[in-house]
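> I would like the atomic coordinates for the input below:
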Amino acid sequence: MRGGPGSGERLLLTPGPVHIDPSVWGALEPLNHRSDEFRKIMIETSEMAARLAGAEAPAFLLTMSGTGAMESAIANLTVPGSKVLCVSGGKFGTRWKEIADALGCEASLLLFGPGKRMDPDTVRERVETVRPEFITLTHVESSTGLKLELEEVLSSLASPKPVVILDAIASLGSEKLEMDEWGIDLVVGAGQKALAAPPGVSLAIPGRRARELYRMGRRGLFYNSYIRCEAGAGEGDTPFTPAVQGIQILHRSLAGIHAGGAEKARKRYHLFSKAVIDACRRLGLESLPEVPSASVQALVLPEKARGRGVIDRLSERNRLVITGGQGTLRNMIIRTGFLALHDWTVMDRLVSGLADALEEYGLDIDREGAVRILREASRRHSD
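Next up, the predicted model:
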């Protein structure tokens, strides 16, 4: 186990954006986005991102947030009146419908309760009833920490399937994804989660059916046009000025993931996440989702500790930044993420800080049991 950040260093342990060591920024070479050196970085980053998603076609690198990438997907593939079924387990799954509505689609919502498993049979039945042209799915719902059992859901759909648009913003790099093999038509992702890059760099990976649709240019798009992205992609050119430094960091991160092995990185994420969830259970914090992800840990606060007290205490005394719930889960849960920090000292700081905060509420916790779980997981990681 390598040495981790100092105990006094302020760390971002939210579901996203993730922590980036300040020294990374200082190590970047100043580059112009039309230089040969940067074009090479663009091409390699595009190819590495696609390979991580199990796709043959390269990714388009987009200078926008994850939501911007989601909007670009709907804008490039649909037309006003297109029938879209949005499968949702929380805030971000529902965002697909909000975007589709804004762009004039005929969108319907299949909503599962917060943290509840998304049943493949229910999805299949709704598809057979609605008969949509498009279906949107969210691989990891970062508002609840829920992972969609994606392969199972897709295999349940009868052919011909609707055009499948996947939000992999919180899953790309931490969960297994085989875009081409599983029949996904378009994947959108973003750098600020498991890819350990800053916000503002997103990506779209189109499959064959998606390429056929956006090449029709039916909406006459400008900044969001995939036709413009495709025109210069082979040469490493972007239609407009990209987020140069963000892409440099993304390139570095993807190179590290592939050098160490993408499957090994995913296993590490799963080991870390499960260990923290199991340790926190000893502190009286139950995991919300029925199918937890490796990206986000959503933990239910005991009634006595509800509100922002635990979050504020970790920030002020432990210099650890976590976040709370959204919508109906506000003040009821806390959410953590540590996708850019592969270090057991960070896990220990987090769990110890939570233990201290919960003890101040007079809660009976098993601190020793929590520490034991982390130590055992650390040992397995080192073996």
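> going forward, measure contacts and count neighbours with C-alpha atoms only.
Will do.
> what lies in contact with stretch 94-107?
With C-alpha atoms under 8 Å, 6 or more residues apart in numbering as the test, stretch 94-107 has contacts from 70-71, 74-75, 78-88, 108-109, 111, 136.
> give me the mean pLDDT for it.
Mean pLDDT, stretch 94-107: 98.
> check stretch 70-81 too.
98.
> how far does the helix or strand bottoming out on mean pLDDT in the chain sit from its chain's centre?
The weakest-scoring helix or strand in the chain, judged by mean pLDDT, DSSP states H and E, is helix 22-26 (a mean of 89). Per C-alpha atoms, centre = their mean, to the nearest Å, the displacement of helix 22-26 from the mean C-alpha position of its chain is 23 Å.
> repeat for stretch 98-105
With C-alpha atoms, centre = their mean, you get 22 Å for stretch 98-105.
> what's the answer for stretch 286-299, then?
13 Å.
> what's next to it, contact-wise?
15, 114-117, 140, 142-148, 170-171, 174-175, 193-194, 269-270, 272-274, 277, 280-281, 285, 300-301, 333-339.
> looking at the contacts of stretch 94-107, which are in helices?
Applying DSSP state H to the contacts of stretch 94-107, the entries found in helices are Met70, Glu71, Ile74, Ala75.
> now the strands for the stretch 151-300 of the chain?
Here the stretch 151-300 of the chain has its strands, by DSSP state E, counting those that start in this stretch, at 163-167, 186-190, 201-206, 286-287, 297-300.
> Glu44: which of the ones you listed is closest?
strand 201-206 (13.5 Å; C-alpha to C-alpha).
> got the angle for that closest one vs strand 186-190?
170 degrees (axes from the mean of the first three to the mean of the last three C-alpha atoms, to 10 degrees).
> in PDB, list the C-alpha atoms belonging to stretch 347-359.
Only the C-alpha atoms of stretch 347-359 are listed here, as PDB (Å, rounded to 0.1, in the frame of the first residue of the first chain):
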ATOM      1  CA  MET A 347     -10.600   5.000   3.500                       C
ATOM      2  CA  ASP A 348      -9.400   5.000   7.100                       C
ATOM      3  CA  ARG A 349      -9.600   8.800   7.300                       C
ATOM      4  CA  LEU A 350     -13.200   8.700   6.000                       C
ATOM      5  CA  VAL A 351     -14.500   5.900   8.200                       C
ATOM      6  CA  SER A 352     -12.700   7.300  11.300                       C
ATOM      7  CA  GLY A 353     -14.100  10.700  10.600                       C
ATOM      8  CA  LEU A 354     -17.600   9.300  10.200                       C
ATOM      9  CA  ALA A 355     -17.200   7.300  13.400                       C
ATOM     10  CA  ASP A 356     -16.200  10.500  15.300                       C
ATOM     11  CA  ALA A 357     -19.200  12.400  13.900                       C
ATOM     12  CA  LEU A 358     -21.700   9.700  14.700                       C
ATOM     13  CA  GLU A 359     -20.400   9.200  18.300                       C
END
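> off-centre distance for it?
Distance, centroid of stretch 347-359 to centroid of chain: 25 Å (C-alpha atoms, centre = their mean).
> quick one: Ile99 from Leu358, how far?
Distance, Ile99 to Leu358, by C-alpha to C-alpha, to the nearest Å: 39 Å.
> which parts of the stretch 251-383 of the chain are helices?
262-281, 309-318, 344-359, 367-382 (DSSP state H, counting those that start in this stretch).
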